[in-house]
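K.L.:
Here is my input, please return the structure:
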Amino acid sequence: MNTCLIACLAALLNGPRPVPSATYIGRENQLHVRIPRIGADSATAAVDGVLDEPVWAQAALLTGFSQFSPQDGIPASDSTQVLLWHSPTALYIGIRAFESHGAVHATLADRDKISADDNVQLLLGTFHDQRQAYVFAVNPFGVQMDGTIVESGPTSGGWTPTLSGRAAPDLSQDFVYSSKGRLTDYGYEVEIRIPFKSLKYQSADQQSWDIN
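P.N.:
Below is the predicted model:
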């Protein structure tokens, strides 16, 4: 399983217009990510699971992931690319997951029932306190799982709902967001749009978020 722990995510809700893409490599400790603000939603990208619109070339690119399980901190066995950008109204996430160890496992499961499938889990700590996070997850077909995590006692490491000792996510909430995925010859590709109105966050023009 691959994860990327980003310590400080700068989502500038009133920030600059398109900027050239930047690459952040987790294993080189490049953990402070500035997410570009790009245009208006209707003119940029359709959530169709195909990352072919020009806007994705301007996104921040996250790579160089590490495993957390079964051994923490070693290079991930499969490579993953995560693309991030935001419009004035939503956060966009694109994932290219490379599967070199066999076929992708994906089903048209019910919402919140994708833990047996390959899946991507995005944890957003919008208050930058490393104690609470939104959970947004999708399988390779874009089927959703979502909820929240709140750490109430002593913990170690980052937010990892499947790791022993971590707080389990509360999946009773159903947030409004869009997702779509597809299988590819290298693995799978997923596209996610999370409206800012679906989230609670700090009351500041410049946002520092945690992302895992």
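K.L.:
Contacts only, for the residue lying closest to residue 114 once chain neighbours are set aside.
P.N.:
In space, and not counting its chain neighbours, residue 114 is closest to residue 139: 4.3 Å by C-beta to C-beta, 6 or more residues apart in numbering. All C-beta spots, glycine's among them, are computed from the backbone N, C-alpha and C. Each residue near residue 139 by C-beta atoms under 8 Å, 6 or more residues apart in numbering is listed here: 106, 107, 109, 114, 117, 118, 119, 181.
K.L.:
Same list, the residues you listed, but as TSV with distance to residue 31, pLDDT and secondary structure please.
P.N.:
Putting the contacts of residue 139 into TSV (distance: C-beta to C-beta, whole Å; pLDDT from 0 to 100; DSSP: H, G, I helix; E, B strand; the rest coil) gives the following:
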residue	distance to residue 31	pLDDT	secondary structure
106	30	93	coil
107	34	94	coil
109	32	93	coil
114	27	94	coil
117	28	94	coil
118	25	93	coil
119	23	93	coil
181	26	97	strand
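K.L.:
ok, and the most crowded of these?
P.N.:
Counting neighbours by other C-beta atoms under 10 Å, the top entry in the contacts of residue 139 is residue 181, with 26 neighbours.
K.L.:
picking that back up, what pLDDT does the residue nearest to residue 114 get?
P.N.:
Listed pLDDT for residue 139 reads 96.
K.L.:
Skipping adjacent residues, who's closest to the residue nearest the centre of the chain in space?
P.N.:
The chain has residue 122 as the residue nearest its centroid, 3.6 Å off, counting by C-alpha atoms, centre = their mean. What sits nearest to residue 122 in space, not counting adjacent residues and going by C-beta to C-beta, 6+ apart, is residue 136, at 4.7 Å.
K.L.:
Tell me the helix or strand right after the helix or strand hosting residue 188.
P.N.:
Element membership of residue 188, judged by DSSP states H and E, is strand 187-195. Per DSSP H and E, strand 187-195 leads on to strand 206-211 as the next helix or strand towards the C-terminus.
K.L.:
the helices in the protein, which residues?
P.N.:
Remark: helices of the chain are absent; assignment by DSSP state H.
K.L.:
pLDDT below threshold where in it?
P.N.:
1-21, 40-44, 153-166 (pLDDT under 70).
K.L.:
all strands in it, in order from the N-terminus.
P.N.:
Along the chain, the stretches classed as strands by DSSP state E are 2-3, 6-12, 23-25, 32-35, 60-63, 66-67, 80-86, 90-98, 120-125, 132-138, 144-150, 178-183, 187-195, 206-211.
K.L.:
Pipe those strands into a markdown table and attach distance to residue 46 per row.
P.N.:
What follows is those, written out as a markdown table (distance: least, C-beta to C-beta, whole Å):
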| stretch | distance to residue 46 |
| --- | --- |
| strand 2-3 | 26 |
| strand 6-12 | 22 |
| strand 23-25 | 25 |
| strand 32-35 | 20 |
| strand 60-63 | 20 |
| strand 66-67 | 32 |
| strand 80-86 | 14 |
| strand 90-98 | 11 |
| strand 120-125 | 19 |
| strand 132-138 | 16 |
| strand 144-150 | 18 |
| strand 178-183 | 9 |
| strand 187-195 | 9 |
| strand 206-211 | 24 |
